[in-house]
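K.L.:
Could you work out the structure for the sequence below:
(one chain, ligands or ions: 1)
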Amino acid sequence: MKYEKIRKQVLDAILEAVEMGLIKGTSGNIAVRDEVEDVIAITPSSIAYKTMKAEDIAIVDLNGKWIDGPYKPSSETPMHTAVLRARKDIKATVHTHGMFATIMAMDEEALQPTTPPQAEFAPVEIVPFIMPGSDDLADSVVSTLGVDGRAVMLKNHGMFCCGKTIKDAMAATIYTEEMATTAYYAKVLGNFKPLPEAAIVKMKELIAADKAV
Ligand SMILES: [Zn+2]
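P.N.:
Predicted coordinates:
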C-alpha cells in the first residue's frame, strides 16, 4: 500500500475520535501530511468509519487534488489543505462536531481555559458560519488560526484543530472539547472563572520549553 504510514495515522485517529464520541456517523474528518512528499492522507467522504481500512483513506496533493484511494476525499478537504499549506509547522488537522464545542461556538466570545492543560490551546476563537466545504470557510479558518493557533470553533458547525503531529492535533481536539464542556457547565451554574491570564502565559511558556507536567 502506498503512503501506508499516513493512512494508518488517519485511520487510528478517526477510530479514537469515534471511540471517544467526538465523531458520530460520518461527520468529522482528519488529515495527515507526509513528512517527505507533498501529499496528504484524508478521510473519504460518506464512508462508515468503524469498518474502514487503511487503503480506503484518500490521498490528495496540497491543493486537494485526489491522487489515490478508492473513495472520494472528504468534502471538507479545502479546509484541511488550506491550513496545511499555510502553516509549515502543522502536519495534522482534525475537524469534528464535538457537542460542547458546537454549543460554545454559538457564543460571541472566544473559549477560555479553566484548567492548566487546556492553556496550550487557548484562546479558541470563533469562525463565523460559512458554508461547509467552501474555499471561503477554508480561508476564514486559516486567518482565525493565525500564525500559531491550535484550535478554532466553527459557528453552527463544530471545531477545527491542528498540530505538528497527529497526536498533537488529537490533543487539541480533546482539550478543546474539554474546555467547552467545563465552560458550559460552569456558565450554567453561574460560577465560570477562567484560568487567570498570568497562569495561561506561564503554562504556554512551560509547554514551549517542554517542562509542563
Ligand atoms: Zn463538519
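
K.L.:
tell me the phi and psi of residue 93?
P.N.:
The phi and psi torsions at residue 93 (degrees, to the nearest 10) take the values phi -130, psi 140.

K.L.:
downstream neighbour of the helix or strand where residue 177 lies in the secondary structure list?
P.N.:
Element membership for residue 177 (DSSP states H and E) is helix 166-189. Sequence order places helix 197-208 as the next helix or strand after helix 166-189, per DSSP H and E.

K.L.:
low pLDDT regions in this structure?
P.N.:
Residues of the chain meeting the criterion pLDDT under 70: 211-213.

K.L.:
Just give me the residue right at the centre of it.
P.N.:
residue 161 (2.3 Å; CA atoms, centre = their mean).

K.L.:
what sits against it?
P.N.:
Residue 161 sits next to 93, 94, 95, 121, 150, 151, 152, 169, 172, 173, 176 when contact means CB atoms under 8 Å, 6 or more residues apart in numbering. Heads up, the C-betas are built off the backbone N, CA and C, glycines and all.

K.L.:
Around the closest residue to it other than its chain neighbours, count how many other residues there are.
P.N.:
Counting by CB to CB, 6 or more residues apart in numbering, residue 161 lies nearest to residue 172, which is 3.7 Å off, once chain neighbours are set aside. When neighbours are defined as other CB atoms under 10 Å, residue 172 has 24 of them.

K.L.:
now residue 46
P.N.:
10.

K.L.:
my guess is it is in a helix, correct?
P.N.:
No - under DSSP: H, G, I helix; E, B strand; the rest coil, residue 46 sits outside any helix and is assigned coil.

K.L.:
Please report phi then psi for the residue lying closest to it once chain neighbours are set aside.
P.N.:
The shortest distance from residue 46 to any non-neighbouring residue, by CB to CB, 6+ apart, is to residue 26 (5.3 Å). Phi and psi for residue 26, reported as degrees, to the nearest 10, are phi -110, psi 20.

K.L.:
so residue 26 makes contact with residue 47?
P.N.:
Yes - the criterion here is CB atoms under 8 Å, and residue 26 meets it with residue 47 at 6.6 Å.

K.L.:
Residue 85 is in contact with residue 64, isn't it?
P.N.:
No - counting by CB under 8 Å, residue 85 stays clear of residue 64, with 9.5 Å between them.

K.L.:
Do a quick rundown of the strands in the chain.
P.N.:
29-33, 39-42, 58-61, 66-68, 92-96, 125-127, 151-154, 158-163 (DSSP state E).

K.L.:
Just send these back as a markdown table, with distance to residue 117 too.
P.N.:
Converted to a markdown table, those look like this (distance: least, CB to CB, whole Å):
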| stretch | distance to residue 117 |
| --- | --- |
| strand 29-33 | 21 |
| strand 39-42 | 28 |
| strand 58-61 | 33 |
| strand 66-68 | 37 |
| strand 92-96 | 17 |
| strand 125-127 | 19 |
| strand 151-154 | 13 |
| strand 158-163 | 14 |
